[in-house]
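Colleague: got a structure for you, letters missing:
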């Protein structure tokens, strides 16, 4: 079986950034080679926290060429997705738990010119994503309970990543496999080894005293794993 795995991307989550220095910090990350950032959108209903809106996406896109993944942790993704596409988000990821029939929204996001991703929380089995893989550009396995940054990585989620990796490879799909939550120097290798090729890291990047050095250290761990399957 030929692997559909892409070159692994480390995707900093802006949730962990100092908002008073957001432009500066994104600039530092871009200067260190980051091409893709994640904007965690929380509505206080689907998850017990509030965070970013479409204006934050607009502000980030004005900073320069960077791929923006809007991760909608909201109860009404059908209504919110167009707001973020209009703001310039390149990828819209929403939760299966908020949209039990996701196929129409996946198609609508693509029809509006963005990439479409679908996520599952820790309590939702990975099998729930399988029937939709062919209409997704990204499958996201949450490796923490969503809502707050800095939570501990759930090792029990690795089997879900492995299952989805096998399914994506078996079907030869052009689909990113992302993990989000608790990614740091201690966990990033296990996530990459399980088959994830998009690794969202928040505190491990933006809470670091030296962001470029933190990214180099994470990249070194990923490179070590990538050599095993190349």
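Modeller: Perfect, thanks for sending it. It should be emphasised that the depicted structure is a prediction, and the values quoted were computed from it without experimental measurement. Numbers count the residues shown, from 1 in each chain.
Colleague: how about the strands in this structure?
Modeller: 9-12, 36-42, 67-73, 91-95, 115-120, 138-142, 176-180, 198-201 (DSSP state E).
Colleague: what packs against the first one?
Modeller: Right, strand 9-12. Packing partners of strand 9-12 (3 or more C-beta pairs under 8 Å, 6 or more residues apart in numbering; DSSP states H and E): strand 36-42, strand 198-201, helix 203-206, helix 211-229. Where C-beta positions appear, they are placed from N, C-alpha and C, glycine not excepted.
Colleague: give me that answer again for 6 Å
Modeller: Packed against strand 9-12 by the contact rule (3 or more C-beta pairs under 6 Å, 6 or more residues apart in numbering; DSSP states H and E) you find strand 36-42, strand 198-201.
Colleague: re the thing from before, what's the closest of the strands of the chain to residue 25?
Modeller: strand 9-12 (8.6 Å; C-beta to C-beta).
Colleague: need the contact partners of the closest one.
Modeller: Strand 9-12 has contacts (C-beta atoms under 6 Å, 6 or more residues apart in numbering) with 29, 34, 36-38, 198-201, 205, 218.
Colleague: out of the strands of the chain, flag the one nearest residue 223.
Modeller: strand 9-12 (10.8 Å).
Colleague: partners of that closest one, with directions?
Modeller: Taking DSSP bridges as the criterion, strand 9-12 sits next to strand 198-201 (parallel) in its sheet.
Colleague: distance check, the nearest residue in space to residue 109 that is not next to it in sequence against residue 153.
Modeller: Leaving out its chain neighbours, the residue that sits closest to residue 109 by C-beta to C-beta, 6 or more residues apart in numbering is residue 116, at 4.0 Å. Distance of residue 116 to residue 153, given as C-beta to C-beta, to the nearest Å: 26 Å.
Colleague: so for the two, which residue has more residues nearby?
Modeller: residue 116 (23 against 19; other C-beta atoms under 10 Å).
Colleague: and the closest residue in space to residue 144 that isn't next to it in sequence, how many neighbours does it have?
Modeller: Of all residues not flanking residue 144 in the chain, residue 181 sits nearest, at 3.0 Å (C-beta to C-beta, 6+ apart). Residue neighbour count, defined by other C-beta under 10 Å, stands at 26 for residue 181.
Colleague: residues contacting residue 181?
Modeller: 142-144, 151.
Colleague: give the contact list for residue 193.
Modeller: Residues near residue 193 by C-beta under 6 Å, 6+ apart: residue 225.
Colleague: redo that, cut-off 8 Å
Modeller: 225, 228 (C-beta atoms under 8 Å, 6 or more residues apart in numbering).
Colleague: could you do residue 196 as well?
Modeller: So residue 196 contacts 8, 141, 161, 165, 177-179 (C-beta under 8 Å, 6+ apart).
Colleague: what is the most widely separated pair among those?
Modeller: 8 and 141 (14.8 Å).
Colleague: which one's more surrounded, the two?
Modeller: A count of neighbours by other C-beta under 10 Å puts residue 141 above the other of residue 8 and residue 141, at 28 against 20.
Colleague: can you pull up the bridge partners for the more buried one?
Modeller: Assigned bridge partners for residue 141, using DSSP bridges, are residue 120, residue 179.
Colleague: can you pull the buried residues of stretch 20-35?
Modeller: 22, 25-26, 28-30, 32, 34 (16 or more other C-beta atoms under 10 Å).
Colleague: rewinding a little: deepest-packed of the helices and strands packed on strand 9-12, please.
Modeller: Comparing those by mean neighbour count (mean count of other C-beta atoms under 10 Å), strand 198-201 ranks first with a mean of 26.
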